[in-house]
Structure formats: structure tokens, C-alpha cells
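> got a predicted structure here, sequence first:
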Amino acid sequence: MKYHFTPLVAASLFIATFSAQASEISFTPRASVSLTSYKFIQTSRPGALAPSGINGNDFPEVTFDVTFKILGIGGTFFKNGYYLDLSAQKSADEEDSFTLEDPALVGFGFTDGKFTETFKGDREDLAITFGKQVLENQGGIYIGYKTGKSQASGNAGTSLTFKEKGLFVGANYGWPIARGRFSINIAFADLKGDLIESVDNPLFNGLPIPLDINATSDAQGVSYGFNWSSRLSDTLSYSVSLDTKKYTFDNIEDSNPAVIPSTEFEEELTSAMVSIYIQF
């Protein structure tokens, strides 16, 4: 699963070419705001609720689906066609709810046959990217490393943290248009994901097999994005980008062999971002 910042790198390089000589080191810091549609899915866990009889003994699919408001900072060092980019992003808290509905729940004290838990969670990401301009500075190739963390806590005793980390490689290409530049980006990531989930609720505490999860997983996938960048003044520039990615984590292994985990974790992110760059 991936949450890269490479469209911003393409914009930074476009901006850097205005002020830096080929032999000089330039640094272009930036700040960004974005709206990110975020979805994390755990597939169902067959037999995990046995022998309660709830939902046919299967724990259902769980989805955390929110729109994050995210602030970011970063910067790009550039010299002789090579660049090093650093990025950090942090979201505000958002809420979503999980509902388990089954007539069998009446026998456990839920008179309406529904168990509902409201979750509040956030997202943070870090990335470092090293690359080189190619094709007469119209394109770029790069490699990088990123970490990401999504976490949420529920009002009925459940908490979860999903962390991913790993390498990515990619390329971008841009076209000058009027006073700006339009660029496209594509990247491939190979990531490891760790999910820690703690369930502390009387409805589930009596199960012979715990619902707690401490699992590892891995994923490979492709992401892509689009970016428009231009100058506001001699020292200020801006970019507008759209970035989308979808990754499926499988090969899930829990540290407790008795636990029945999901067969897949899925993560989808679609981000619309506005960034401001400063040139010294």
C-alpha cells in the first residue's frame, strides 16, 4: 500500500529550475493541505465468533471509511539534475462506525439485535525520495522509502493500528503549458504491513479464540497521480495535484496460531492537494 508524495517532487523540480544554477544546491520547502478519501478494509473472519452463533459464527467485514483533512510539510534538495525529497503528513481525527446486526444478539442483551461501535482515528506518513531528471529535464526517475500509520479507537473497547513501510520506485513526465507545467506520475511499491488490533468487550471476551490480532502482511501495487504547478511570484509557487492508490495486503500471518485472521487487508486513498513552495 502506498501513500507517496511524488507529484509534489515533480512540482518542486519544475520550480527549482527557475533559481538554481546547474552546479548549485537549491532547497525548496513546501507546505500543503489536502482532502484524502481513505478506506481500510478487513475481510471477514470465518468461524472467529464460534461457538456464539452470532452472524453464523463469522466476524463480518470491517471498513473504516472517512475523509481526512491533512496538513503536510516537506522540501526538495536539487543539484546537477539529482534531487532528494523529504515529506511528512498528519491528519486530523475523523469518525466512522461499525455495526454488527443479527437476531442472535438479542440473547446477549442487545434488544434491537445490533452491536454498534464508533471509531475515531487518524493517519500519518513519512517519505524520503531520491531521483534524477531525465529526457532533457522533462521527466524523472526515482526510488524511495516510506512509512505510514493509520490508527483508530472505538467507544466499545476496540483499538487498532495499521503500519506499513517499504520501498517504491517510479517515474514522472511533464509538459510546459503557458506559465505552468502539467505532469503525470506512476509508481510501484513493495510494502510490509503490520496490524495490531485489541478487542476488550464483554460480548467477545468469552470466546475461546481471541479476536485480538497481531499480524504481518505484504503487498505490491501501482499508484498514479496528476499535477499542475505554476509561479505566483519570484519567490512563491503553487501546485494542485490528484493522487490515487489501492493496495491489497495478503500473506497474513498472526503471531498467535490460534487466531483466525482476515484473508486480506485493503487500503484505498484518493487525495486532492494544494501546495505552496518558497524559493530562496
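Here it is on my side, so go on. Small disclaimer: the values here were computed from a predicted structure and weren't measured.

> show me what Phe168 is bridged to.
Beta-bridge partners recorded for Phe168 (DSSP bridges): Gly144, Ala189.

> now find how far off-centre stretch 245-261 is within its chain.
18 Å (CA atoms, centre = their mean, to the nearest Å).

> and stretch 189-200, by the same measure?
13 Å.

> so where is the stretch 101-250 of the chain shaky, pLDDT-wise?
Along the stretch 101-250 of the chain, segments meeting pLDDT under 70 are nowhere present.

> again, 80 this time
Within the stretch 101-250 of the chain, the segments meeting pLDDT under 80 span 137.

> could you pull out the helices for it?
202-205 (DSSP state H, counting those that start in this stretch).

> residues contacting Ser150?
With contact set as CB atoms under 8 Å, 6 or more residues apart in numbering, Ser150 has these partners: 38, 40, 64, 121-123, 161-162, 267. C-betas here are computed from N, CA, C, even on glycine.

> do Gly47 as well
Shown in contact with Gly47 (CB under 8 Å, 6+ apart): 57-58, 260.

> out of these, grab the one that's most surrounded.
Within those, most neighbours by other CB atoms under 10 Å means Ile260, with 20 neighbours.

> that older thread, need the buried ones from the contacts of Ser150 selected in PyMOL.
In PyMOL, a selection of the buried entries from the contacts of Ser150 looks like this (16 or more other CB atoms under 10 Å):
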select buried, resi 38+40+64+121+122+123+162+267
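
> now the contacts of Ser150 in JSON lines, with distance to Phe168?
Below are the contacts of Ser150 laid out as JSON lines (distance: CB to CB, whole Å):
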{"residue": "Tyr38", "distance to Phe168": "19"}
{"residue": "Phe40", "distance to Phe168": "19"}
{"residue": "Phe64", "distance to Phe168": "23"}
{"residue": "Gly121", "distance to Phe168": "24"}
{"residue": "Asp122", "distance to Phe168": "22"}
{"residue": "Arg123", "distance to Phe168": "18"}
{"residue": "Thr161", "distance to Phe168": "22"}
{"residue": "Phe162", "distance to Phe168": "18"}
{"residue": "Glu267", "distance to Phe168": "14"}
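
> between the contacts of Ser150, which sits nearest Phe188?
Compare each of the contacts of Ser150 with Phe188 using CB to CB and the shortest gap goes to Glu267, at 15.8 Å.

> on that earlier part again, pick the one among the contacts of Ser150 closest to Asp200.
The closest of these, once distances to Asp200 are taken by CB to CB, is Thr161, at 14.8 Å.

> how about the nearest residue to Lys90, chain neighbours excluded?
Glu124 (4.7 Å; CB to CB, 6 or more residues apart in numbering).

> the one you found against Ser91, yeah?
Yes - the criterion here is CB atoms under 8 Å, and Glu124 meets it with Ser91 at 6.9 Å.

> of these two, who's got more company?
Ser91 (21 against 15).

> ramachandran coordinates for the residue nearest to that one when sequence neighbours are not counted?
Of all residues not flanking Ser91 in the chain, Phe68 sits nearest, at 3.9 Å (CB to CB, 6+ apart). Backbone torsions for Phe68, taken as degrees, to the nearest 10, come to phi -90, psi 140.

> any idea how many residues pack against Ser97?
Neighbours of Ser97 under the rule other CB under 10 Å: 12.

> please confirm that it is located within a strand.
Yes - under DSSP: H, G, I helix; E, B strand; the rest coil, Ser97 falls within a strand.

> hey, what's it bridged with?
Residues in beta-bridge contact with Ser97 (DSSP bridges): Thr118.

> doesn't Lys120 make contact with it?
No - applying CB under 8 Å, one finds Ser97 not in contact with Lys120, separated by 10.4 Å.

> quick one: which of the contacts of Ser150 sit in strands?
Assigned to strands by DSSP state E, the following of the contacts of Ser150 qualify: 38, 40, 64, 121-123, 161-162, 267.

> send the alpha carbons of stretch 234-253 over as PDB?
What follows is stretch 234-253, C-alpha atoms only, in PDB (Å, rounded to 0.1, in the frame of the first residue of the first chain):
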ATOM      1  CA  ASP A 234       9.500  35.400  -7.800                       C
ATOM      2  CA  THR A 235       9.600  33.500  -4.500                       C
ATOM      3  CA  LEU A 236       6.300  31.800  -4.300                       C
ATOM      4  CA  SER A 237       4.800  29.000  -6.400                       C
ATOM      5  CA  TYR A 238       1.900  26.600  -6.100                       C
ATOM      6  CA  SER A 239       0.800  23.200  -7.300                       C
ATOM      7  CA  VAL A 240      -2.500  21.300  -7.400                       C
ATOM      8  CA  SER A 241      -2.400  17.500  -7.500                       C
ATOM      9  CA  LEU A 242      -4.600  14.500  -7.600                       C
ATOM     10  CA  ASP A 243      -3.200  11.200  -6.400                       C
ATOM     11  CA  THR A 244      -4.800   7.800  -6.200                       C
ATOM     12  CA  LYS A 245      -3.800   4.400  -5.000                       C
ATOM     13  CA  LYS A 246      -5.200   1.000  -4.000                       C
ATOM     14  CA  TYR A 247      -3.200  -1.800  -2.300                       C
ATOM     15  CA  THR A 248      -4.200  -5.200  -1.200                       C
ATOM     16  CA  PHE A 249      -2.200  -6.900   1.600                       C
ATOM     17  CA  ASP A 250      -2.200 -10.700   1.800                       C
ATOM     18  CA  ASN A 251       0.000 -13.500   3.200                       C
ATOM     19  CA  ILE A 252      -1.400 -12.500   6.600                       C
ATOM     20  CA  GLU A 253       0.200 -14.300   9.500                       C
END
